[in-house]
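> Just need the structure, nothing else, for what follows:
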Amino acid sequence: MSGADALVEHFTHGEAIGVDVAAIERDLAALWRESASGERGVTRACLWNLVLHARGEAELAVGKGLVDAIAAAVPARSLVLDMRAEAAERDLEAWISANCQVAPGGGKLLCSEEITIAARAGGRARVPALVRALLVPDVPTAALWLGPAPGVDDARALAALTEVAQRLVIDSDDAAAPAGGRPLGWRAGSWRTLLGAAGLLQVTDLGWLRLSAFRVLLASCFDPPVGPEGLLRVKRAAVVVSPRGVATGELLLGWLATRLGWGEARRAGPDEVAASAEAPAGAGAGRREWRARRAAGEVELGLEVRDVAAGRDGIWEIVIECDQGPTCRVVDVEGEAAGTVRIEMDGLPTRVVMCEPRPDAELLVAALGARGLDPLYVQAMARAAELEA
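Take a look at the predicted model:
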């Protein structure tokens, strides 16, 4: 096997090949020409430009895994930006590789491409221009931001991504470990930053898509024979989450507020908290409460953080209590198979259902499709922004 053939073999098998930053397009074009010649039968495909911004080792590993996993369903030119502090030996380095799948019916390989750019120090200032130069024209661009919400130091990087992307994909379940008893990550203050970005591009959230199963289960509580009338008289809606589920809990309360027409939420005062319904066992400093206006009264909103074994979405329990009506409780059952949920409704037998979590790669494929344009998400996010820490 010649040196050129060996290089093509490495390329189509997904092995990273180091290239000169100034010659990325030239080297890619040469490899694609060699790959398509002879009996190899390689076809290049590209439906999206996908720009992944990784600030740490975990984000980089998760992001590259997602890029590889979705290649068959959504072939894309993936630009992986490795922005770790010690990411490169030089200020700017680049590698290229291919993600190849056997086409339906066998025969040809259907391939997309991945470009990894590692930058540090002065090289970071060159990354935005390099990304713009590497985008495939005439296909949409999505930016994938993994990990906690962008901080002050990330403002420039986020702005650069929103300049080139039509869609921003986040995962609001990616919260950092608690610090001083306060979970970090996507929270009420972060929603304001995201709402500003939503005015410039489409924003979608893997955490929101992950939450869809719980929204369906909640709605099913008020199917016949119960009926939806009790939803007009909700007096209390409370969510118990694990530390990583704070943002998801806020989104869930925001979704309820938009769907049931509740007024703007305000933080409950000390007297109101003392007079509210008895807190669940184990309630502590991680509990927050608000009040929102509804027709003929107010609704109490509660969010409590506990060290519980919740699922990937972080939701452990949801309670909707109606005034002179039924109480619905949806609980993530600990100790059972992943995704086992118990639904309790006054006057009806308890139901135990399987609600298997969807893989993150499947959620990302959905985020890049029509489900990534859910107007309810932006509405829920706007209401979640009212829930100040």
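> what domains does the record give for this protein?
Following automatic domain parsing, one finds the domains of the chain at 3-165, 210-358+380-384.
> can you put those domains in CSV and add mean pLDDT and distance to residue 197?
To be clear about C-beta, it is placed using only N, CA and C from the backbone, and glycine gets the same treatment. As requested, those are exported to CSV (pLDDT from 0 to 100; distance: least, CB to CB, whole Å):
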stretch, mean pLDDT, distance to residue 197
domain 3-165, 85, 6
domain 210-358+380-384, 84, 11
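> Indicate which one of those domains is closest to residue 370.
Nearest of the domains of the chain to residue 370, taken as CB to CB: domain 3-165 at 12.7 Å.
> Let's have the domains of the chain in TSV, adding distance to residue 203 and mean neighbour count.
Shown next, in TSV, are the domains of the chain (distance: least, CB to CB, whole Å; neighbours: other CB atoms under 10 Å):
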stretch	distance to residue 203	mean neighbour count
domain 3-165	10	17
domain 210-358+380-384	8	18
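> export the ones you listed to CSV and tack on distance to residue 204?
Below are the domains of the chain laid out as CSV (distance: least, CB to CB, whole Å):
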stretch, distance to residue 204
domain 3-165, 9
domain 210-358+380-384, 11
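> wait, which of the ones you listed is closest to residue 191?
The nearest among the domains of the chain, by CB to CB, is domain 210-358+380-384 at 5.1 Å.
> gap between the two ends of that closest one?
Start to finish, the residues bounding domain 210-358+380-384 are 17 Å apart (CA to CA, to the nearest Å).
> Out of the domains of the chain, flag the one nearest residue 199.
domain 3-165 (10.0 Å).
> And the helices in this protein, which stretches?
Counting by DSSP state H, the chain has these helices, from start to end: 3-12, 24-36, 57-69, 127-134, 155-164, 188-198, 206-210, 212-220, 246-259, 270-275, 360-367, 375-384.
> burial of the residue lying closest to residue 173 once chain neighbours are set aside, as a residue count?
Nearest non-adjacent residue to residue 173, counting by CB to CB, 6 or more residues apart in numbering: residue 207, 4.2 Å away. Using other CB atoms under 10 Å, residue 207 has 25 neighbouring residues.
> So residue 207 sits against residue 172, correct?
Yes - assessed by CB atoms under 8 Å, residue 207 is found in contact with residue 172 at 3.6 Å.
> So for residue 372, which of the domains of the chain sits nearest?
Judging the domains of the chain by CB to CB, what sits closest to residue 372 is domain 3-165, at 8.4 Å.
> roughly how far is the closest one from the heart of the chain?
20 Å (CA atoms, centre = their mean, to the nearest Å).
> among the domains of the chain, which is nearest residue 200?
domain 3-165 (5.5 Å).
> Columns distance to residue 289 on top of the helices of the chain, output as CSV?
What follows is the helices of the chain, written out as CSV (distance: least, CB to CB, whole Å):
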stretch, distance to residue 289
helix 3-12, 57
helix 24-36, 53
helix 57-69, 33
helix 127-134, 43
helix 155-164, 32
helix 188-198, 14
helix 206-210, 23
helix 212-220, 20
helix 246-259, 11
helix 270-275, 5
helix 360-367, 31
helix 375-384, 15
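> Nearest approach to residue 344 belongs to which of those?
helix 212-220 (11.5 Å).
> Can I get the closest one in PDB, CA atoms only?
Extracted in PDB, the C-alpha atoms of helix 212-220 (Å, rounded to 0.1, in the frame of the first residue of the first chain):
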ATOM      1  CA  SER A 212     -41.000  16.200  26.800                       C
ATOM      2  CA  ALA A 213     -41.800  12.800  28.400                       C
ATOM      3  CA  PHE A 214     -42.600  14.500  31.800                       C
ATOM      4  CA  ARG A 215     -44.800  17.000  30.000                       C
ATOM      5  CA  VAL A 216     -46.800  14.300  28.400                       C
ATOM      6  CA  LEU A 217     -47.100  12.400  31.700                       C
ATOM      7  CA  LEU A 218     -48.300  15.500  33.500                       C
ATOM      8  CA  ALA A 219     -50.900  16.200  30.800                       C
ATOM      9  CA  SER A 220     -52.100  12.600  31.100                       C
END
